[in-house]
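S.K.: Give me the fold of what follows.
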Amino acid sequence: MTGFTQHRFWDTMMATRFSVIVEAPDCEADRVRAVAEELFDEMRRLESLLSSFIEDSEISQINRIAVGESTVVSPETYRCFELALEAKRSTWGYFDIAYLSEGVPDGGEAFALLAKPLRVVSSAKTLHLDLGGIGKGFALEHGREVLLRYGYPKALLSAGDSTVLAMEPPHGTKGWTVQLELGGQTETLKLANEALSCSGKSVRGEHIFDTRQRKYATNRNRIYVRMSSPALSDALSTAAMTIPDDLFERLSGVFSSGRAGGES
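M.R.: Next up is the predicted model:
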């Protein structure tokens, strides 16, 4: 009977250590390694499109267009922007990749998406888009596609401490084991075919900006969001750090939270 091994790989990009665990037959170790390398290559390709720290990336080019101008973009950039707009609607505007833009029409968006060809149109005097709260989860979605294309559905992908994406569970289990910090204690959760994202202040301090109140989030210590999409869970966990209490309870997917002044 063929034995199975959990093959582990990691690489650093997007200022984050990405890792992948793939359960596969022992005899396929070399093939799994090659697939993991292709997976990380795909993530680096996305970084070259979506990182504002890369001068010739698509998002950097978008940030240079004037109001009323447009630029053609790749399907990947277009899809990531679609998800960002969906996250903005789901969080009443508390997640907004365009919050640094200036001269945005009252009640309008800083940019619009047009098809045929796929392109982004600026509605802002100064357009400034930042995918920091959704880009890592979007990269995990593409990593999943690579694994499925090569027939490896049993895997766990992670983007540092930000987001994990559990695919099908290992043989003989109900899910991949993920640890959470709740109430000052470490607890475990079994995940299968879903993502879990975490945002908080314990590692980087007050670094999440409240796009509506124009200040850094201070009222929550840690948030977990559990959803099918790692891109949306990544975005919603960021927004949940800043959403006011009257809206917080209505936010779909919130798993747990810690209030400032208490243990998360």
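
S.K.: quick one: the residue most central in space within the chain and Glu249, what's the gap?
M.R.: Most central in the chain under CA atoms, centre = their mean is Gly137, positioned 2.4 Å from the mean C-alpha point. The spacing between Gly137 and Glu249, counted by CB to CB, to the nearest Å, is 23 Å. In short, each C-beta sits where N, CA and C put it, glycine included.

S.K.: Setting aside sequence neighbours, what's the nearest residue to the residue nearest to the centre of the chain?
M.R.: Nearest residue to Gly137, sequence neighbours excluded (CB to CB, 6 or more residues apart in numbering): Asp234, at 3.1 Å.

S.K.: what about that neighbour, helix or strand, and which?
M.R.: Asp234 belongs to helix 230-240 when assigned by DSSP states H and E.

S.K.: check contacts around the residue nearest to Gly137.
M.R.: Neighbour list for Asp234: 133-138, 159, 162-163, 195, 197 [criterion: CB atoms under 8 Å, 6 or more residues apart in numbering].

S.K.: Pull up the per-residue confidence for Arg33.
M.R.: Arg33 carries a pLDDT value of 98.

S.K.: Distance check, it against Ala24.
M.R.: 10 Å.

S.K.: can you pull the contacts of Pro105?
M.R.: By CB under 8 Å, 6+ apart, the contact list for Pro105 reads Ser123.

S.K.: how about it, phi and psi?
M.R.: When read as degrees, to the nearest 10, the backbone of Pro105 gives phi -60, psi 140.

S.K.: Equivalent analysis for Gly132, please.
M.R.: Main-chain torsions, Gly132, degrees, to the nearest 10: phi -60, psi -30.

S.K.: For Ala36, which non-adjacent residue is closest in space?
M.R.: Spatial nearest neighbour of Ala36, chain neighbours left out: Phe9 (4.0 Å); criterion: CB to CB, 6+ apart.

S.K.: how about the helices in the stretch 101-250 of the chain?
M.R.: In the stretch 101-250 of the chain, the segments counted as helices under DSSP state H, counting those that start in this stretch are 135-149, 230-240, 245-248.

S.K.: Dump the ones you listed into JSON lines; add mean pLDDT and distance to Pro170 as well.
M.R.: Output for those, formatted as JSON lines (pLDDT from 0 to 100; distance: least, CB to CB, whole Å):
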{"stretch": "helix 135-149", "mean pLDDT": "97", "distance to Pro170": "14"}
{"stretch": "helix 230-240", "mean pLDDT": "92", "distance to Pro170": "19"}
{"stretch": "helix 245-248", "mean pLDDT": "81", "distance to Pro170": "34"}
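
S.K.: Turn the ones you listed into CSV, including distance to Val20.
M.R.: Formatted as CSV, the helices of the stretch 101-250 of the chain follow (distance: least, CB to CB, whole Å):
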stretch, distance to Val20
helix 135-149, 7
helix 230-240, 13
helix 245-248, 33
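
S.K.: from these, which stretch is densest packed?
M.R.: helix 230-240 (a mean of 29; mean count of other CB atoms under 10 Å).

S.K.: where does this structure dip in pLDDT?
M.R.: The chain contains residues with pLDDT under 70 at 1-2, 183, 201-219, 252-264.

S.K.: and if we set it to 80?
M.R.: The model of the chain has pLDDT under 80 over residues 1-2, 133, 181-185, 200-221, 249, 251-264.

S.K.: which residues in it form strands?
M.R.: For the chain, the strands defined by DSSP state E cover 4-13, 16-25, 70-72, 111-114, 119-122, 155-159, 163-166, 176-182, 185-191, 194-200, 209-210, 215-216, 220-227, 254-259.
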